[in-house]
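*Asks:* got a predicted structure here, sequence first:
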Amino acid sequence: MTQSPTLSRRSTQSAPAPRKSKRSGADARAGYTFLFPWLLGFIVLTLGPMVSSLYLSFTNYNLFDPPKWIGLDNYATMFQDERFLQSVGVTVGYVVFGTPLKLAAALAVAMLLNSKRKGQGFYRSAFYAPSLIGASVSIAIVWKAMFGDSGPVDQGLSFFGINLGGWVGNPAMTMPMFILLTVWQFGAPMVIFLAGLKQIPNELYEAASMDGAGPVRKFFNITWPMLSPVVFFNLLMETIHAFQIFSSAYIISNGEGGPAGSTLFYTLYLYLRGFSDFRMGYASAMAWLLLIVVGLITLVIFRTSKSWVHYSGDSK
């Protein structure tokens, strides 16, 4: 029985399909091969420790004896721990006041640097330089020396008749000192704000000027709506970063959170519980509570952004 030409052509045309399937399989294997080191590192260095800490948060574990399951006792004990509640208050105060001031300073300087002026590159580098150092140990040591007793800041204020006796040992001045430190390191959000300002068409400002709009009106009617996605990103990242403050608090307070608990930030108290008191189960519970709270705050920021973040082409 002879095969028709039509069937012969169809079988010939469908022949390359298995070859394509084999090539797709080879590409998939190559992709997984390149992805394997990252997956291995994620499982061993990130996912594994997270699952382990989640289990330890329900145990009584002191690093030396086997962990003992105690259920939710660690989480219940937190809200009866006065130092824990104090650390929450210190951290919340730092986030609530430090983050907006840092973003305000970053936006103000970015708007100043957005205009063309002589030496613009130098000013941008100078303002960004503190952020390159980050929250390093060396900066914390210098900051402690500057604001300590008989330090340059104390001597400068004494010249004007303001005698505070140093900020480091004064419980009422330690929080302003830390807020000044975070505001001083506004370089990273400043660069992001500056990039966002560069994307705003200058024609909008020219049209507003022709309508008689002043600087304030231009800011709230043009700059802020056009820059709102960048504000949203910086607000989210800086809020998360503020909850993670540790090294500067540890150095300035000598790892004790003093004076009078005024520098007892959440992460510092977590460290003290885990590595000074060897209550690793309690510290793990604190870490997971912090993760949950930061996640909820992130969710709130995302949900509320619908009312004040405006994207290009948005009908709002």
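*Replies:* Perfect, thanks for sending it.

*Asks:* every contact and neighbour count from this point should use C-alpha atoms.
*Replies:* Fine.

*Asks:* quick one, what contacts the residue nearest the centre of the chain?
*Replies:* By Cα atoms, centre = their mean, the chain has its centre lying nearest to H241, at 2.7 Å. Under the criterion of Cα atoms under 8 Å, 6 or more residues apart in numbering, H241 has no contact partners.

*Asks:* next one: stretch 54-66 to chain centre, how far?
*Replies:* Centre-to-centre, stretch 54-66 and its host chain are 29 Å apart (Cα atoms, centre = their mean, to the nearest Å).

*Asks:* try stretch 193-210
*Replies:* Computed by Cα atoms, centre = their mean, the chain-centroid distance of stretch 193-210 equals 28 Å.

*Asks:* and R303, how many residues sit next to it?
*Replies:* R303 has 10 neighbours, counted by other Cα atoms under 10 Å.

*Asks:* where's it, which helix or strand?
*Replies:* Using DSSP states H and E, R303 sits within helix 280-304.

*Asks:* just T267 next, same as before
*Replies:* helix 266-271.

*Asks:* ok, residues contacting that helix?
*Replies:* Counting by Cα under 8 Å, 6+ apart, residues outside helix 266-271 touching it are 84, 87-88, 90-91, 243-246, 249-250, 255, 257, 283, 286-287.

*Asks:* residues of the helix holding R303 that come out buried?
*Replies:* M280, G281, Y282, A283, S284, A285, M286, A287, W288, L290, T298 (16 or more other Cα atoms under 10 Å).

*Asks:* for it, packing partners?
*Replies:* helix 48-56, strand 59-60, helix 73-78, helix 224-243, helix 266-271 (3 or more Cα pairs under 8 Å, 6 or more residues apart in numbering; DSSP states H and E).

*Asks:* quick one: the third one to chain centroid distance?
*Replies:* When C-alpha coordinates are averaged (Cα atoms, centre = their mean), helix 73-78 and its chain have centres 27 Å apart.

*Asks:* so which elements touch that helix?
*Replies:* helix 280-304.

*Asks:* compute the inter-axis angle for the helix it packs on and helix 48-56.
*Replies:* Taking axes from the mean of the first three to the mean of the last three Cα atoms, to 10 degrees, one finds that helix 280-304 is oriented at 110 degrees with respect to helix 48-56.

*Asks:* list of residues touching helix 280-304?
*Replies:* 53-54, 56-63, 74-75, 78, 236, 240, 243, 270-271, 273-274.

*Asks:* so G169 sits in a strand?
*Replies:* No - counting by DSSP: H, G, I helix; E, B strand; the rest coil, G169 is not part of a strand but coil.

*Asks:* the longest helix in the protein is where?
*Replies:* For the chain, the longest helix by residue count, based on DSSP state H, is helix 82-114.

*Asks:* what about the helix or strand following that helix, distance to the chain center?
*Replies:* Moving toward the C-terminus from helix 82-114, the next helix or strand (DSSP H and E) is helix 120-133. Remark: helix 120-133 is offset 20 Å from the chain centroid, using Cα atoms, centre = their mean.

*Asks:* and whichever helix or strand comes after helix 120-133, what does it pack onto?
*Replies:* Per DSSP H and E, the first helix or strand lying C-terminal to helix 120-133 is helix 137-147. If contacts are counted by 3+ Cα pairs under 8 Å, 6+ apart, helix 137-147 sits against helix 152-159, helix 247-252.

*Asks:* tell me the angle of helix 137-147 relative to helix 152-159?
*Replies:* Going by the same axes, to 10 degrees, helix 137-147 makes 20 degrees with helix 152-159.
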